[in-house]
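Enquirer: Sequence first, predicted coordinates after that:
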Amino acid sequence: MHPLALLTPDEMARADAAAPGLGVPSYTLMENAGRAVARAIQARFRPMRTLVLCGPGNNGGDGYVAARLLAQDGWPVTLAALAPPRPGTDAARAATRWHGPNVAFSAQQAERADMTIDAVFGAGLSRDLAPDVSKVLRAARRIVAVDVPSGVDGATGQARGDVSPAELTITFFRRKPGHLLLPGRDLRGDTLLADIGMPPGVCQAAQPRAFQNAPGLWVLPSLPTGSHKYARGHVTILGGAEMTGAARLAADAARRGGAGLVTIAAMGSADVYRAGPAGALVSEAPLPELLSDSRRGVWICGPGLGSAAAREAWPILLTAGRTVVGDADVFSAFAGQPDALRGAAVLTPHAGEFARVFGTPGTNRVAAARAAAARTGAVVLLKGPDTIVARPDGMVAINDSAPPWLATAGAGDVLAGLIAGLLAQGLDPWAAANAGAWLHGRAAMEAGPGLIAEDLAPMLPRAFAAAAELSSPPPVSRAVWTTKLP
């Protein structure tokens with residue numbers, strides 16, 4: 001299974017269920033999970049008064065194992081069970097091996113402890129966290145969560161009820177989408193991923209359809225020795241007469257992204273565009289004339305164009321069979337008309353633009369992006385602090401490389417241009433959208449706080465260099481390792 005795969009709770013359950021038939025008993029996995037929790041805590045903290053809160057399911061079973069192992073190593077551990085495990089389960093077996101002190105599941109006990117291990121509910125919780133459970137966790141001074149902080153939906157990242165943030169979360173085998181999606185990403189603290197001995201054959205049972213977007217999920221274009229500008233593709237950007245900065249930002253990004261030629265096709269006077277950077281070509285030729293050149297393979301329609309111009313140009317580009325990136329004013333031009341977007345290669349709406357065409361994404365943004373991609377046949381990149389890239393067949397990637405200071409006017413224009421530049425060099429829409437999203441976020445990290453959109457393109461060479469260094473992600477090891485996520 002790909003190391004960047006993300007497993008929903010249902011997919012993880014299928015992997016767990018398949019393991020015994022492949023030679024790894026389920027109780028062995030529970031022991032390994034509890035051991036990973038104990039080792040991670042011992043590696044990070046000195047011994048302290050520790051309260052382990054255990055639920056009745058497998059998450060609680062992991063907690064019983066961790067409590068036993070910490071106590072064996074001399075830690076002062078007490079345990080509080082929300083409810084006893086169901087007889088005959090792995091969690092019940094783990095509970096029988098705990099011989100330390102049991103205390104009430106109460107806020108008073110949490111207040112007395114220096115650390116609380118939250119093993120109440122895992123990523124598959126299907127209801128809101130009960131107020132009495134929330135009250136106990138709120139009383140804790142420091143929380144280490146097993147799998148996810150109790151109440152975080154592992155599939156959507158939504159907080160089900162009043163969820164207490166963890167300082168540290170230990171999860172197993174593969175991360176869940178909820179570890180990367182907000183607000184789950186902010187609630188889980190640092191994340192440790194542990195190998196618990198899952199047999200390789202569980203991949204077929206799990207069949208993941210979501211991935212963390214990072215180098216290794218895609219490969220950047222490579223330049224052969226004899227490469228020339230036409231071999232690197234020609235990007236054409238429709239430029240409006242008023243918000244001219246949008247097209248210029250997209251042009252700069254397309255050039256930095258590797259396109260061999262970039263033209264701004266001015267929908268009106270081209271004088272303002274000719275005053276821009278020397279490397280961008282400018283044309284006032286009619287759209288049909290520009291389309292007669294088959295080398296103009298990739299087009300951007302929308303940034304700063306205006307709704308009326310976008311509504312006129314869009315169907316012409318699609319009918320011509322070009323590779324088209326739709327952004328910004330395209331979504332205003334075709335509000336409530338998702339079928340008008342069919343034929344695009346990549347669509348890049350933010351949440352408001354998405355809502356105009358497809359309806360409000362709601363709490364399950366992954367499902368909304370998937371549905372939009374299936375409806376349009378395009379790769380849909382739903383922008384946000386947890387950007388989602390969805391393919392028409394339902395495959396998604398979640399991008400978490402972007403810092404909060406990327407939320408600035410014009411950043412989306414840069415992203416559209418960068419994706420177009422990658423498309424021009426031969427990347428397919430899925431790879432181009434994912435690579436573009438990651439590089440865009442990394443460029444913002446390189447620029448630092450105080451970023452404005454004009455800072456992004458000059459930082460792209462550093463982002464490309466970082467992607468090259470990270471293109472081979474580390475395999476899951478038998479030890480627990482820390483994964484720092486912004």
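Expert: Alright, I've got the coordinates.
Enquirer: and residue 220, how far is that from residue 435?
Expert: Relative to residue 435, residue 220 is positioned 6 Å away (CB to CB, to the nearest Å). Just so you know, the C-beta spots here come from the backbone N, C-alpha and C atoms, and that holds for glycine as well.
Enquirer: of these two, who's got more company?
Expert: residue 435 (26 against 18; other CB atoms under 10 Å).
Enquirer: What confidence value was assigned to that one?
Expert: The pLDDT attached to residue 435 in the predicted structure is 98.
Enquirer: where does it fall, phi/psi-wise?
Expert: Main-chain torsions, residue 435, degrees, to the nearest 10: phi -60, psi -40.
Enquirer: Common neighbours of residue 220 and residue 435, please.
Expert: 422, 427, 467 (CB atoms under 8 Å, 6 or more residues apart in numbering).
Enquirer: ok, those vs residue 137, which is closest?
Expert: Distance to residue 137 across the shared contacts of residue 220 and residue 435 (CB to CB) is lowest for residue 467, with 38.7 Å.
Enquirer: Now do the SS call for the closest one.
Expert: Under DSSP: H, G, I helix; E, B strand; the rest coil, the three-state class of residue 467 is helix.
Enquirer: ok, now the one 4 residues further on?
Expert: Put simply, residue 471 is coil when judged by three-state DSSP.
Enquirer: Give me the nearest residue to it, chain neighbours excluded.
Expert: residue 215 (4.3 Å; CB to CB, 6 or more residues apart in numbering).
Enquirer: now do residue 137
Expert: Residue 137 sits nearest to residue 164 (CB to CB, 6+ apart), 4.0 Å away.
Enquirer: now do residue 196
Expert: Nearest one to residue 196, counting by CB to CB, 6+ apart, is residue 32 at 3.9 Å.
Enquirer: Tell me the spacing between that neighbour and residue 223.
Expert: Taken as CB to CB, the span from residue 32 to residue 223 is 45 Å.
Enquirer: Equivalent analysis for residue 319, please.
Expert: 32 Å.
Enquirer: Nearest spatial neighbour of the spatially most central residue of the chain, chain-adjacent residues omitted?
Expert: Centroid check for the chain by CA atoms, centre = their mean gives residue 398 as the closest residue, at 2.0 Å. Sequence neighbours aside, residue 180 is the residue nearest to residue 398 in space, at 4.5 Å (criterion: CB to CB, 6+ apart).
Enquirer: which ones are touching that neighbour?
Expert: 6, 157, 212, 386, 398, 400, 485.
Enquirer: Give me the contact list for the helix or strand hosting the residue nearest to residue 196.
Expert: Applying DSSP states H and E as the criterion places residue 32 in helix 26-44. By CB under 8 Å, 6+ apart, the surrounding residues in contact with helix 26-44 are 16, 19-20, 50, 58, 61-66, 68-70, 73, 90-91, 93-94, 115, 117, 119, 144, 146, 168, 170, 172, 192, 194, 196-198, 480.
Enquirer: just the buried members of those?
Expert: 16, 19, 50, 58, 61-66, 68-70, 90-91, 93-94, 115, 117, 119, 144, 146, 168, 170, 172, 192, 194, 196, 198, 480 (16 or more other CB atoms under 10 Å).
Enquirer: Just the ones in strands from the residues you listed, please.
Expert: 50, 115, 117, 119, 144, 146, 168, 170, 172, 192, 194 (DSSP state E).
Enquirer: will you turn those residues into TSV that also has pLDDT and distance to residue 272?
Expert: Formatted as TSV, these follow (pLDDT from 0 to 100; distance: CB to CB, whole Å):
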residue	pLDDT	distance to residue 272
50	98	65
115	98	61
117	98	61
119	98	61
144	98	57
146	98	58
168	98	53
170	98	55
172	96	56
192	95	52
194	95	56
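Enquirer: for those, which one is nearest residue 352?
Expert: Nearest to residue 352 among these, with distances taken as CB to CB, is residue 168, at 35.1 Å.
Enquirer: about what we covered before: more neighbours: which of residue 32 and residue 223?
Expert: Taking neighbours as other CB under 10 Å, residue 32 and residue 223 compare with residue 32 leading, 21 against 12.
Enquirer: Return the per-residue confidence for the residue nearest to the centre of the chain.
Expert: For residue 398, the pLDDT comes out at 98.
Enquirer: how close does it get to residue 437?
Expert: 10 Å.
Enquirer: what's the overlap in contacts for the two?
Expert: Joint contacts of residue 398 and residue 437 (CB under 8 Å, 6+ apart) are 213, 387, 389.
Enquirer: can you list the residues you listed in TSV and add neighbour count?
Expert: Shown next, in TSV, are those (neighbours: other CB atoms under 10 Å):
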residue	neighbour count
213	25
387	27
389	31
